[in-house]
Every structure is written in C-alpha cells, then in structure tokens.
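Asks: my questions concern the predicted model and sequence given below.
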Amino acid sequence: MIHWSLALTILFNATIIDEESTLHEWAGYVALGLVVVRLIWGLIGSQHARLSAFPPNPVAALRHLFTSSKGDKAVHLSHNPLGALMVYNIWLTVLILGVTGYMMGTVPFFGVEWVEEAHEATFNWLVVSIVLHVAGVIVDTWRSGVSLIRAMIDGRKRIPEDG
C-alpha cells in the first residue's frame, strides 16, 4: 500500500500537479510522510518488511548481480541485495526532495539557487532510480519466475516449486 501510494504521489507530483502550486508542496509532504511511515514499519512490521531483512550491503548487491548474470535464480523472501540498495536509495532521495522542497518554502532559503538546484538534481536522480527500479523488477521477475509486481500488490511472494 505504501509502495503504490508513494509511486502515485511521485507520478502525480511530477506530471500532473503544477510545481509552483501549494498542492505540489502538500503532495511532497505526503511522499515524505509515506517514507517515514515505511521506515517505522521497517522497525515494527512483519518479518520480511523489517529493515533487518534487507540491510543495505553494496558487496552483497554486487555478488547478487554477478551470480544472477551467471544464471543463479535464487529467490529472496524479502528484497534481494540489489533491490535493497535501490529501496534505500529511493527512500533517501525522497527524504532529500522533501527537505529541499521544505527549505525552498522558508524565508532563509526562498530563492536560494543551490537549494533549488539540489531539489531539481535530486528529482532527476529519482527519475533515473525509478527507471532502474522498474527495469530491475522486470529482470528479476523474468530471472526468478516470481511475480514481483503481484507481490508488491498483495505483499505475498509466491515462490515456484522448483525454486
């Protein structure tokens, strides 16, 4: 639920909502709030939703990328190591967007060029990250045989019998 709410909030804020509007600010606050709620859920939620189930580990991510390219079809009950890095990247990026967006609306930082540039650069990084995230979901679904999109909708991974 949080995943798709965040995705829709970002999509609407980036494509439909006027960036100069109050609605843009509020959508940004909603996105920020969704990430904060997800981080809290990562501390108190179900076993596979906990942050401890998918800690950020660049070495494990590279190992996963290498073994996957060699045909390994291992399935992870939570995020795979590469997916974990992407999740933390997206959360951090949304947090930075929220902070820089908030700063742009305060008296000390209103019209300050570096804050606006940081906000814009962070948004551009978010777009790149989302494209890579979607590509990763498609590739990992193909590689593992596990419908990750379905798992993102209902929260349950269906592991193939031979996996």
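Replies: Noted; the coordinates are in hand.
Asks: for this protein, which segments count as helices?
Replies: 2-15, 22-44, 58-69, 81-104, 113-144, 148-154 (DSSP state H).
Asks: which one of those is the most hemmed in?
Replies: Among the helices of the chain, the stretch with the highest mean neighbour count (mean count of other CB atoms under 10 Å) is helix 81-104, at a mean of 19. Backbone N, C-alpha and C define where each C-beta goes, glycine included.
Asks: distance from that helix to the middle of the chain?
Replies: 7 Å (CA atoms, centre = their mean, to the nearest Å).
Asks: which residues touch the least confident helix or strand in the chain by mean pLDDT?
Replies: Of all the helices and strands that make up the chain, helix 148-154 has the lowest average by mean pLDDT, DSSP states H and E, namely a mean of 79. The contact list for helix 148-154, computed with CB atoms under 8 Å, 6 or more residues apart in numbering, reads 3-4, 137, 140-141, 157-158.
Asks: how close does the spatially most central residue of the chain get to Gly83?
Replies: Nearest residue to the geometric centre of the chain (CA atoms, centre = their mean): Ile90, 3.6 Å. Using CB to CB, to the nearest Å, one gets 10 Å for the distance from Ile90 to Gly83.
Asks: list residues touching both of the two?
Replies: By CB under 8 Å, 6+ apart, no residue touches both Ile90 and Gly83.
Asks: run through who's touching stretch 51-65.
Replies: Contacts for stretch 51-65 (CB under 8 Å, 6+ apart): 39, 42-43, 47, 76-85, 87-88.
Asks: farthest-separated two in these?
Replies: Leu43 and Leu82 (22.8 Å; CB to CB).
Asks: first-to-last residue distance for stretch 40-56?
Replies: 17 Å (CA to CA, to the nearest Å).
Asks: got the buried residues for it?
Replies: Buried residues in stretch 40-56, counted by 16 or more other CB atoms under 10 Å: 42, 49, 51, 53-54.
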